[in-house]
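Trainee: Provide a 3D model corresponding to the input given below.
(chains A and B)
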Amino acid sequence: MSIRTFAVASFTTEAVADTTNMTDNAHMNLQGGSSTQRTKIVEVYAGGLEASTSSPQKLLLARDSTIGATLTSLTTGQSDTPDDPATAALSAPVVPFTASTTKCQRAKAYLANLAFNAIGGIVRLRFPEGQEPTMLGNTASNGEVSLSGFTGTTAALIGAHIKYETLVMLLAVGLSAWV
Amino acid sequence: MARLSKRSLEGELLIDHRNSPGLTPEDLAGFDAPAVAGGQTLESAIYVCGHCQYTVLKNPDRTRDREWCPGCDTYICDECAAVRRLTLSCNDVNRRIDAIGEALEQGVSPLLIGLKL
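Mentor: Next up is the predicted model:
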């Protein structure tokens, strides 16, 4: 498949501890589209949009111990689109979301720490090719990854994106048989 | 056949505070990330632990050997290296992913058979 970008133009972060409900529209999540789907996280970017207040951000890319349920569709300023326009749609695509009825909770299974100041700060993390963190399935805690503020984060306006690539399971099966 | 250095497969972390007041170590107390001061930029190589998939920022001043697992031929983090020394086993994440994928395909909950990433 091809790389897709889940981007949110601006949202206000929050400080939330592990295994605690996240607040709607204060996080970015990717949830697997099927029980066997495998997705690699390729890149994470966040840029500060605060105007005047110093706002340390302690963002965590992490697996979720409680996954969101009854997910809200992306809304204004939020998008999920393929990097290459000639991308075939999956029958069960990864579901990006920022709000849900059953709130998601971060597991103590961190994949990356991202720290920057939301006044004019930028952080970008590009994972090594072939070593990207992986989501598998669509259940906790392997099947959902979140980008959210850890305890100590000052609530602030940021914009962010997550680039990811879903692998077709048929390919994975073929490779494992081939190996 | 082309041979690659492991360094050619490194990822990259960029923290740009050129137009920002930046962070102090006190701002990040207890948070495992570099504090980049105002007006500064950090660009650093990273690798992902081959056992737990945690992102490791490579400290250019490190003089100890970088931890490496001969079982899966990947760099691993210090915590996983400590476990490996105790257990003498390779906990390769790719093998776990394959095992979980196979369990899921067979309709078995990975948690029931003790598999997790």
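Trainee: avg pLDDT for the lengthiest helix in chain B?
Mentor: Using DSSP state H to define each element, chain B has its longest helix at helix B:93-105. Averaging pLDDT along helix B:93-105 gives 85.
Trainee: Sort out which residues of it are buried, please.
Mentor: For helix B:93-105, the neighbour count (16 or more other CB atoms under 10 Å in any protein chain shown) marks B:93, B:94, B:96, B:97, B:98, B:100, B:101, B:102, B:103, B:104 as buried. Yep, even glycine has a C-beta here, placed from its N, CA and C like the rest.
Trainee: can you check stretch B:4-24 too?
Mentor: B:10, B:11, B:13, B:14, B:15, B:16, B:17, B:20, B:21, B:22, B:23.
Trainee: among those residues, which one has the lowest pLDDT?
Mentor: Within the set of these, pLDDT is lowest for residue B:10 (90).
Trainee: ok, that one - contacts?
Mentor: Applying CB atoms under 8 Å, 6 or more residues apart in numbering or on different chains, we find residue B:10 in contact with A:128, B:45, B:46, B:47, B:58.
Trainee: Convert the longest helix of chain B to PDB, retaining C-alpha atoms only.
Mentor: C-alpha atoms of helix B:93-105 as PDB (Å, rounded to 0.1, in the frame of the first residue of the first chain):
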ATOM      1  CA  VAL B  93       9.500  -7.900  17.800                       C
ATOM      2  CA  ASN B  94       9.100  -9.000  14.200                       C
ATOM      3  CA  ARG B  95       8.800 -12.700  15.300                       C
ATOM      4  CA  ARG B  96       6.200 -11.700  17.800                       C
ATOM      5  CA  ILE B  97       4.300  -9.700  15.200                       C
ATOM      6  CA  ASP B  98       4.300 -12.700  12.900                       C
ATOM      7  CA  ALA B  99       3.100 -15.000  15.700                       C
ATOM      8  CA  ILE B 100       0.400 -12.600  16.700                       C
ATOM      9  CA  GLY B 101      -0.700 -12.200  13.100                       C
ATOM     10  CA  GLU B 102      -0.900 -16.000  12.700                       C
ATOM     11  CA  ALA B 103      -2.900 -16.300  15.900                       C
ATOM     12  CA  LEU B 104      -5.300 -13.600  14.800                       C
ATOM     13  CA  GLU B 105      -5.800 -15.300  11.400                       C
END
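Trainee: So what's the gap between it and the chain middle?
Mentor: 19 Å (CA atoms, centre = their mean, to the nearest Å).
Trainee: same question, stretch B:2-19
Mentor: Centroid separation between stretch B:2-19 and its chain, computed with CA atoms, centre = their mean, is 13 Å.
Trainee: What is the end-to-end distance of it?
Mentor: 42 Å (CA to CA, to the nearest Å).
Trainee: can you give me the strands for chain A?
Mentor: Remark: strands assigned in chain A by DSSP state E are A:3-12, A:28-31, A:38-48, A:56-66, A:69-71, A:78-82, A:95-97, A:100-102, A:105-117, A:122-126, A:134-136, A:144-149, A:157-167.
Trainee: and the two most separated of the contacts of residue B:10?
Mentor: Greatest spatial distance in the contacts of residue B:10: A:128 and B:58, 10.9 Å, computed using CB to CB.
Trainee: nearest residue to residue A:117 other than its sequence neighbours?
Mentor: Spatially, and ignoring its direct neighbours in sequence, residue A:117 is nearest to residue B:20 (4.8 Å; CB to CB, 6 or more residues apart in numbering or on different chains).
Trainee: Next, that neighbour: secondary structure please.
Mentor: Of the three states, residue B:20 takes coil according to DSSP: H, G, I helix; E, B strand; the rest coil.
Trainee: What ranges in chain A fall below the confidence cut-off?
Mentor: A:1, A:169-179 (pLDDT under 70).
Trainee: again, 50 this time
Mentor: Applying pLDDT under 50 to chain A flags the ranges A:171-174, A:179.
Trainee: mind listing the helices for chain B?
Mentor: B:78-87, B:93-105.
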